[in-house]
Structures are given as structure tokens and as C-alpha cells.
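Q: Below are the sequence and a predicted model; questions follow.
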Amino acid sequence: MEIKYTIQGLLIYAAIAAYLSAFLTTFLRRERVGNFLYLLGFIAAVLAFIYRWYDVRHVPLQNLFEVFLCLGMISYPVSWFCRYTLRAGGYSGDLVIAAIMLVPAGFVFSAEPQRLPPALQSWLFVPHVAVYALSYIFMAKATFQAIFQLLAPALRRGYPGQWPGLKADEKFLSAEDATYRMVCVGFPLLTLGLILGSCWGKLAWGDYWGWDPKELWSLASWLVYVGYFHFRYMFGKKYARINSLWAIAGMVFILITLFWVNLSNLFSGLHSYAR
Amino acid sequence: MTEGRLTSKFRRGVLWVALSLILLLIFLSIYGAFLGAERAKNFFSSLPLAVYWIALTALLIVGVVMFHRLVRVPALLLIHVGCILILAGSIWGSQAGHKLQKKLFGIDKIPTGQMLIYQGEQEHRVVLDDAKQIGELPFYVRLTDFRVEYYKPDYLQIQSGQGKNWGIPVEIGREIPLGQDFGTIKVVRQFESFKIKVEDGKNVPFDDPNSAPNPALEVEIRSPDGQAATRYVFERFPGHTRPEDKLRLWYQRIISDYVSELQILRNNEVVAEKDIEVNRPLYFGGYHFYQHSYDADAGKYTVLMVVSDTGLNLVYAGYLMLCIGALWHFWLKHLYSAVTLRHVNGD
């Protein structure tokens, strides 16, 4: 565990505190205050990201510290997009996700600035990591909805609006539909991330597919969502709980790709610099 | 049983097989991840897996033929045909694919290998990946120059016995205070190829441009009581120290790029040239040339990876179709329906 006594660290902690405070307001039914705190947290996260960018002189998406900082920042616009465009609720879940995303940046990973190694000096670096980061947020939100659908029988009458502090609101989709809708948004991003990574691998290492552990876990994550779509196409909502299990399994694979493969010596490979 | 019901049953069966193959590939990917890249590559190129890849490709083709929905919905067609092209391109560009092309069409291309070229020399032999065979390119590759580039500034890393660390940008002549316990430190000189000669019975360091690189710094450490000591800090011997020293020193340079200046020659005439770097390969005559390795000791040669482009266009076409199809099917369709729904609801 590493406490960061820097401006950047303080901004990250401020963002976490704001997100968690916003979450608490949902229990007090103070939605406007919650929205304001959520916005404050987002602004703090944006400032931390910009500060980092200025500090390292390249788009800060090189290592897990920077990726989680980015995830904590983009979770806010993604949350609003899901709410107002996709009609997927789970507002309080979004606040928890946003806070959780910043915890590794705030307490776990080192913020030591690093220069870009030659392999990362490519125009594909930013789009590859950025689309993956975006897809991860959508998939994390989808997983939250899937867990909600699976494990909250008391609230499983269908409206995420019944989550703590929020009134039932029929303008939101049911948890199963919301999961599907968000996986639908996240999946093309996941596909794009995989393909951009493959094209980058071809430019940097000479092969579009190197059978590296990270590549294989990424493929496995992608395939789980492919399986999810096929299963849902075959059975519709007949086995809604199994649909949710597919979505949760996808997130488990993503977490392994992101954490275990990058941090464990068990899977050393070409992507080890992303620690 | 009517023909319609039979078809429906067959389609159901195809979907079950598809789901099974997806699940199988998930498990195989996990297994491959535990093997490590090199062994996984061999595993996924083995005969049983070749059967799997062909079965998957065949199933996708059957799916496109059997499911009218895949033809009616262009986005879904793009996704599935994209996958077929990726698989077909990969199979065609594999080692086995190259062997097959040689047998069937007499096309003799090197699938992948490495070539070592010394500065100023030209080469056309490629050591194939199995390291047992040598292939020959129909042209020569000449290395006019190779260099390693570094980020500026260089850094002098310092660590005290108590574990206190300093990272100081190298700036000749600038005296840096290290606190009252350690005094000051100053970089006096910088060497690219450090050497020592003896003049009048004294060791005199000098920079020898004709010898192998040996980057070093001459630093002057002034203790709090004003005593000065000169130390030489070598990039290749990090943390080297004398028993009486309070500080351990590192000379750190961070590599920003490896550059090989290449020329392609045919009949002793230069037909192409490019400075290749990581992420900037040279493409010529159906091959990509990548910066792969180099002579870390003397910087006299470069190692290039040579990769045939067979099947690559198919794979890229598949990628494009898969991307367009996925974005079209999962985004545009849903966004359109969301916007239409809002419009209908009068939001």
C-alpha cells in the first residue's frame, strides 16, 4: 500500500472521497447533492489526469496507475451516457465503480513517472488502451447489473431504480436488458481494442498474434462475450440468470487480463511493461 | 418430419456446435496462457489445433449459408465473414500454409526468420525460425548504420547507505547539494567510450571514438568537510563502489529508440531504403523487416526479423469487416432504436 503525499495523490483521494460521499447521499435521498459531489469527484479526477499528463509528457495510459486513473475519470461520462442514452440505471453502482477504479491508483500502484519504451511509441498506443479502458467501464457496469439481477431477489422485480436511495423509475431498463445493452456498447470497443492491439503487435513485434499470455486472456475475455451473445440469441431471456453469469464471467476474465497477467510472474510476456 | 423442421433442428445443432467451439477455444486460450508465448505458439499450430481452426472456419461458412438472418442483416454478415477471413488469412500465412503453397503453386517464400547484418555489409540469408535452415531472399539488405538513441537528459542515480535516493539530471559542471551529511556532487565529464591510458605514470581517462561504447561519467564528490574525491560511474557496471564510499552511484540512460539504416539492393543497385525503428518496419518484395535485436556490446551489427506478408491482407480485411460489423450491429442499431424510442415517447 502506498499513500501519495503529492498534489496528484491528493486529487485522487479527493475524487474517491467525493464519489463515496455521493454514494452515501443516495441513502439519504439527496440526489441533487449526490450529483454535485459526483461532478466534483469527476473534476478532481480530470485534474489528476491532466496533472499526470503534464508530468510525464505523454498521454498517461502507460501503466496500471495511469490506466486506473483514466478509468476513475471516464466512469462519470460513461455513467451519464448509460443513464440518458441507454436507459440503464444503477446510479449508486456507478458511484461505487468510480471509487473502486481510483483505489488502485491511489493506494496500490506506484506513480513514479516512466519514459515510453520504444515499443510504446506508436500512434496506436493511445487508441488501443483508451478503447480498452472505455470497454472495461461498460463491462464493469454491465457486471454490476448482472450481479444485481442474479443476487438481489428482493429487488429483482426489474428496476435498478430501486437500488438504495433511488425511487423505482420505469424509464430504466430491467437489469437483464441493461446488462445486454451495456455489453452491446462495450463489445465493439473490446473488439476494436483487440484488433488495434493486433495491428500494433504487427508493427512493433512483426506478428499480429504472438500467443502472449495477455493476448490469450484478452481473446478469452472477448470469446466469453461472443458466447454470451450466442447463448442469448439461442435462448433469449429464458435463462436470464445464465445470461448474467456469462456477463459476470466476462468481467472475471477482464480482471485476470488486467491484474493477474500484468502483475503475476506466472504469465510473463511481451506485455510485462504495463505493470 | 417436414423439411422446415429438419432445417430448424439442423440450425439449432449448428448453434450448439458454435457455442461448444467457443467454449473450447476459451479453455484452450486459458491453457495456452499458462504455457507461455513460445510453447503456446507451437501448441496452437499443432495438428489437433489445425483441425480445430479448420472446423471453426467451416462452421462459420455453414452458419453464413444456413442462417438467412446472417445474410439479411448486413452487419452480422460482416462480423461472421470477417471472422472467416481472419481465420483463412492466418491459416494461409502459417508455416503449414507456406508449405502448402510451395507444394501446390511452387511459391517458395520464407515464412519468418532472422538476419544478422554488420554495419556497412549486405546480406540475403535468413535463419529460419527453427534455426535449422537458411533461406535466401531474392535481393540483398545492406545496413548502412545502426544506432541506439537515448532520452535526454541522462541521469545520475545516487543512493546512500541509509537508503536515501537522488535522481540527478546529468549537467556538466553543476554542483548539486546532497544535504549536510553528504556534501555536494558534480559531474565533471561525460564519456561515450571510456578508456584509460598511462601518461607519466598516471592513469588518464579519455574518450576513444574507435573502441566499443563504454558510457561513463566523471564525478566529483565534495564531503561536508571540503574534501574532494573523483569517481568514475559506468553505465555497464551499475552501483559499482569502493568500500570507503558513502554513496552508491549509477549512470542511467533510458533508450528511446533503436534505428537501423537499411538499403535494399538488386543487381548492386539500391532499389529501396528506409531507417527502420521499432514500430516502423520496412516493407519490400512481400516481406516486412523489423528491428529485432542488436549488438549490445559493440553496436556493430543489427538483427532483423523477416516476416512474409502472405495472408496478411486477408486478415486485415477481416479485421476491418469485423470492426465495421460490430459497430454497426451493436451501436448504430441500438442508438437508432434508443433515439427513435425517445422521439416516440416525446422526451
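A: Sure thing, it's come through.

Q: need the strands for the stretch 51-200 of chain B, in chain order.
A: For the stretch 51-200 of chain B, the strands defined by DSSP state E, counting those that start in this stretch occupy B:112-118, B:122-128, B:134-150, B:155-160, B:165-169, B:175-177, B:184-191, B:194-199.

Q: Looking at the ones you listed, which is nearest to residue B:88?
A: strand B:112-118 (18.8 Å; Cβ to Cβ). From N, CA and C alone the C-beta is placed, and that goes for glycine too.

Q: re earlier: to chain A, which of the strands of the stretch 51-200 of chain B lies closest?
A: strand B:112-118 (7.4 Å; Cβ to the nearest Cβ).

Q: name the helices or strands packed onto the closest one?
A: strand B:122-128, strand B:134-150, strand B:301-308 (3 or more Cβ pairs under 8 Å, 6 or more residues apart in numbering or on different chains; DSSP states H and E).

Q: can you do 10 Å?
A: Judged by 3 or more Cβ pairs under 10 Å, 6 or more residues apart in numbering or on different chains; DSSP states H and E, the packing partners of strand B:112-118 are strand B:122-128, strand B:134-150, strand B:287-294, strand B:301-308.

Q: just to revisit the earlier point, can I get the strands of the stretch 51-200 of chain B in a markdown table with mean neighbour count and mean pLDDT?
A: As requested, the strands of the stretch 51-200 of chain B are arranged in a markdown table below (neighbours: other Cβ atoms under 10 Å in any protein chain shown; pLDDT from 0 to 100):
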| stretch | mean neighbour count | mean pLDDT |
| --- | --- | --- |
| strand B:112-118 | 19 | 95 |
| strand B:122-128 | 16 | 94 |
| strand B:134-150 | 16 | 94 |
| strand B:155-160 | 17 | 91 |
| strand B:165-169 | 13 | 89 |
| strand B:175-177 | 12 | 91 |
| strand B:184-191 | 18 | 93 |
| strand B:194-199 | 13 | 89 |
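
Q: Any idea which of the ones you listed gets closest to residue A:94?
A: With Cβ to Cβ as the criterion, residue A:94 lies closest to strand B:165-169 of these, at 39.6 Å.

Q: What helices and strands are in contact with the closest one?
A: Strand B:165-169 packs on strand B:155-160, strand B:175-177, strand B:184-191, strand B:247-252, going by 3+ Cβ pairs under 10 Å, 6+ apart.

Q: circling back: now the helices and strands packed on strand B:112-118 in CSV, please, with extra columns for distance to chain A.
A: Converted to CSV, these look like this (distance: least, Cβ to the nearest Cβ, whole Å):
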stretch, distance to chain A
strand B:122-128, 13
strand B:134-150, 9
strand B:287-294, 4
strand B:301-308, 5
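
Q: To residue A:118, which of the strands of the stretch 51-200 of chain B lies closest?
A: Closest among the strands of the stretch 51-200 of chain B, once you apply Cβ to Cβ, is strand B:134-150, at 8.8 Å.

Q: Going by contacts, tell me the helices and strands next to that closest one.
A: So strand B:134-150, by 3+ Cβ pairs under 10 Å, 6+ apart, packs with strand B:112-118, strand B:122-128, strand B:255-266, strand B:269-276, strand B:282-284, strand B:287-294, strand B:301-308.

Q: And the contacts of the fourth one?
A: I take that to be strand B:269-276. B:139-142, B:144-145, B:147, B:257-266, B:280-285, B:288-291, B:302, B:304 (Cβ atoms under 10 Å, 6 or more residues apart in numbering or on different chains).

Q: cool, the shortest one as well?
A: The contact list for strand B:282-284, computed with Cβ under 10 Å, 6+ apart, reads B:137, B:139, B:141, B:260, B:262-264, B:266, B:271-276, B:288-291, B:304, B:307, B:309.

Q: Report the buried members of the residues you listed.
A: B:137, B:139, B:141, B:260, B:262-264, B:274, B:276, B:288-291, B:304, B:307 (16 or more other Cβ atoms under 10 Å in any protein chain shown).

Q: The closest residue to residue B:287 other than its chain neighbours: what's it in contact with?
A: Once flanking residues are discounted, residue B:287 sits nearest to residue B:306: 5.4 Å by Cβ to Cβ, 6 or more residues apart in numbering or on different chains. The contact partners of residue B:306, by Cβ under 10 Å, 6+ apart, come to A:206, B:110-115, B:126-128, B:135, B:137, B:141, B:281, B:287-290, B:292.

Q: Next: residue A:243.
A: A:146, A:149-150, A:176, A:179-180, A:183, A:228-229, A:231-232, A:235-237.

Q: Where does it sit, in terms of helix or strand?
A: Assigned by DSSP states H and E, residue A:243 belongs to helix A:240-255.

Q: Likewise for residue B:18?
A: Under the criterion of DSSP H and E, residue B:18 resides in helix B:3-35.

Q: any idea how far that helix is from the chain center?
A: Its chain's C-alpha centre and that of helix B:3-35 lie 33 Å apart, by Cα atoms, centre = their mean, to the nearest Å.

Q: buried residues in that helix?
A: For helix B:3-35, using 16+ other Cβ under 10 Å, the buried residues are B:11, B:14-15, B:18-19, B:21-22, B:25-26, B:28-30, B:32-33, B:35.

Q: Let me know how buried the nearest residue to residue B:299 once chain neighbours are set aside is, in neighbour terms.
A: Closest residue in space to residue B:299, ignoring its immediate chain neighbours: residue B:213 at 5.8 Å, by Cβ to Cβ, 6+ apart. Look at residue B:213: counted by other Cβ atoms under 10 Å in any protein chain shown, it has 16 neighbours.

Q: just residue A:251 next, same as before
A: 22.

Q: Break chain B down into its domains, please.
A: B:3-102+B:311-345, B:114-147+B:262-308, B:152-253 (automatic domain parsing).

Q: where does the chain have low pLDDT?
A: Unless you meant another one, I'm taking chain A. A:152-170, A:265-275 (pLDDT under 70).

Q: Chain B is the one I meant
A: B:1-3, B:334, B:338-347.

Q: What subset of the contacts of residue A:243 is buried?
A: A:146, A:149-150, A:176, A:179-180, A:183, A:228-229, A:231-232.

Q: ok, back up a step: so how far is the helix holding residue A:243 off the chain centroid?
A: The answer for helix A:240-255 is 14 Å, by Cα atoms, centre = their mean.

Q: hey, what's residue B:294 bridged with?
A: residue B:302 (DSSP bridges).

Q: Quick check: it vs residue B:146, distance?
A: Going from residue B:294 to residue B:146 by Cβ to Cβ, to the nearest Å gives 6 Å.

Q: and if you look at residue A:95?
A: 54 Å.

Q: Residue A:18 too?
A: Relative to residue B:146, and taking Cβ to Cβ, residue A:18 is found at 52 Å.

Q: Is the nearest residue to residue B:319 once chain neighbours are set aside in a helix, a strand, or coil?
A: Leaving aside its chain neighbours, residue B:319 sits nearest to residue A:195 (4.7 Å; criterion: Cβ to Cβ, 6+ apart). The three-state label given to residue A:195 by DSSP: H, G, I helix; E, B strand; the rest coil is helix.

Q: any idea how far the nearest residue to residue B:129 once chain neighbours are set aside lies from residue A:217?
A: Of all residues not flanking residue B:129 in the chain, residue B:112 sits nearest, at 5.3 Å (Cβ to Cβ, 6+ apart). Note on residue B:112: its distance to residue A:217, by Cβ to Cβ, is 24 Å.

Q: who are the neighbours in contact with the residue nearest to residue B:319?
A: By Cβ under 10 Å, 6+ apart, the contact set of residue A:195 is A:128, A:131, A:208, A:222, B:82, B:86, B:315-316, B:318-320, B:322-323, B:326.

Q: could you redo the last one with a cut-off of 7 Å?
A: By Cβ atoms under 7 Å, 6 or more residues apart in numbering or on different chains, the contact list for residue A:195 reads B:319, B:322-323.

Q: can you check residue A:97 too?
A: A:75, A:140-141, A:144.

Q: for the residue nearest to residue B:129, what are its contacts?
A: B:129, B:306-308.
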